[in-house]
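>>> Following is a predicted model, sequence given first.
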Amino acid sequence: MLAGRTTTEELLAHLVAFDTTSRNSNLALIGFVRDYLEAYGVASVIVPSEDGRKASLFATIGPAEIGGVCLSGHSDVVPVDGQPWSTDPFELTPREDRLYGRGSCDMKGFVATCLALVPQMTAANLSTPIHLLVSYDEEIGCTGVVPAVRRLGVDLPLPRACIVGEPTSMRVVDAHKSGIAYLTTVTGREAHSSMPQLGANAIFAAAELVGELDRYRAELIEAGDASGRFDPPNTTVQVTVIDGGTAGNIVPRQCGIRWNVRGLPDFDEPTLLARFERFAQGVVLPKLRASAPEASIVTDFIYRVPPLRPQTGSEAELLALRLAGQNRTYTVSYGTEGGHFQAQGIPTVICGPGSIDQAHKPDEFIEVAQLRACERFLTGLVAECAK
Ligand SMILES: [Zn+2]
């Protein structure tokens, strides 16, 4: 175990060395964090995933019975497969004023900084608690944090503000879009392609559905963004994967379409889905059923990341602006776990070290200066919570 005070850089090196690519278990990293906290007398609550291969960790420093501020970060990282790295992605490598490694920026840098401040937190005799939450499966739809968040205000304390430390270059972000991914599966009937009247062509049907989605795409560009805060300034619809057919002489029985919607915070997503369903079931399906009564069109959720809605003047916003020494908030286009906290009734902002420009890329890095800025931010938080 680590002895004495450990620097942010040392902690980051430890965290980066765990290959917590989302497909892997994160239990070794969670065990490391639990042991580290225990060395400072801080107990952890482990919230395992359904299959027990992964877990979130929740810990409170200070009096547990009152609100407090939650600092939240995910432990998983995106794959390095096929990326041309010039360093070992799982060995933190300093070069000039940067630290290279997978997750250095997104977002083990924030988690390491929080951990490095734990000795200050425990020594400060906090009157307002600081909660730490380390999650998993953020990079595959922000799903891993949900079981832990659902317990806040139930059998775990309900924070009165949450700061999710995704890389924002320490800017305070108060809004982002939702991200909803769907899989639509069209099932028709096979036939020899010389006798198409005996089958039901799933790809033709899927193409009609793609055309409908393209109409939504164009309409949403037209509708724009009344807030004027987002780039691009509209809700977007994209078809990302089409998978159908088996051979050049077979009328295809099945075709899958993956598509996603990234909605402005006030976007009415159920209405869009209902409209798509009406078109699928009312216009496209009857054509398939004319020759194949067993035909179907089924749309499933792959994941849903709720939006972060701006809450001007919320405790989280005011606190983060004060600690960051800033006077305005920003929006981002990527999704985060923030919306899940907000849905649990916890005012939430996004603010963390490093730039999203470096995330998910080969040679991901974080600037040392960003870690220092995050340390100052958290040192200010400790001072506020000690008042
Ligand atoms: Zn992230």
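Everything's here; your move.

>>> Check this protein for its longest helix and report it.
The residue-count maximum for a helix in the chain (DSSP state H) belongs to helix 202-223.

>>> Not counting residues beside it along the chain, what's closest to the one residue in the stretch 251-387 of the chain that gets nearest to the ion?
Here the stretch 251-387 of the chain gets closest to the ion at one residue, residue 359, 6.5 Å apart by CB to the ion. Quick note: C-beta positions are derived from backbone N, CA and C, even for glycine. Nearest non-adjacent residue to residue 359, counting by CB to CB, 6 or more residues apart in numbering: residue 106, 3.7 Å away.

>>> Residue 361 now?
The shortest distance from residue 361 to any residue other than its chain neighbours is 7.3 Å, reached at residue 83 (CB to CB, 6+ apart).

>>> Same question for residue 327.
Residue 327 sits nearest to residue 321 (CB to CB, 6+ apart), 6.4 Å away.

>>> secondary structure class for that neighbour?
Each residue gets one of three states, and residue 321 gets helix by DSSP: H, G, I helix; E, B strand; the rest coil.

>>> State the pLDDT value of it.
If you check residue 321, the pLDDT there is 98.

>>> all numbers from here: first residue = 449
Got it, the first residue is 449 from now on, which makes the last one we talked about residue 769.

>>> my guess is it contacts residue 777, does it?
Yes. Judged on CB atoms under 8 Å, residue 769 makes contact with residue 777 at a distance of 7.2 Å.

>>> and for those two, which residues touch both?
residue 620 (CB atoms under 8 Å, 6 or more residues apart in numbering).

>>> other SSEs contacting the helix or strand hosting residue 580?
Per DSSP states H and E, residue 580 falls inside strand 578-583. Counting contacts by 3 or more CB pairs under 8 Å, 6 or more residues apart in numbering; DSSP states H and E, strand 578-583 packs against helix 475-487, strand 503-509, strand 517-522, helix 556-564, helix 594-597, helix 816-834.

>>> can you state the direction angle for it and helix 556-564?
140 degrees (axes from the mean of the first three to the mean of the last three CA atoms, to 10 degrees).

>>> how far does strand 578-583 sit from the chain's center?
Distance of strand 578-583 from its chain centroid, counting by CA atoms, centre = their mean, to the nearest Å, is 15 Å.

>>> Can you tell me the strand partners of that strand and which way each runs?
Sheet pairing for strand 578-583, assigned by DSSP bridges, gives strand 503-509 (antiparallel), strand 517-522 (parallel).

>>> what about it and the ion, touching?
No. On the criterion CB under 5 Å from the ion, strand 578-583 is out of touch with the ion, staying 10.0 Å away.

>>> Name the residues of this structure found near the ion, please.
Within the chain, the positions near the ion by CB under 5 Å from the ion are 554, 555, 614.

>>> re the thing from before, for the residue of the stretch 699-835 of the chain closest to the ion, the count of nearby residues, please.
Using other CB atoms under 10 Å as the criterion, residue 807 is surrounded by 20 other residues.
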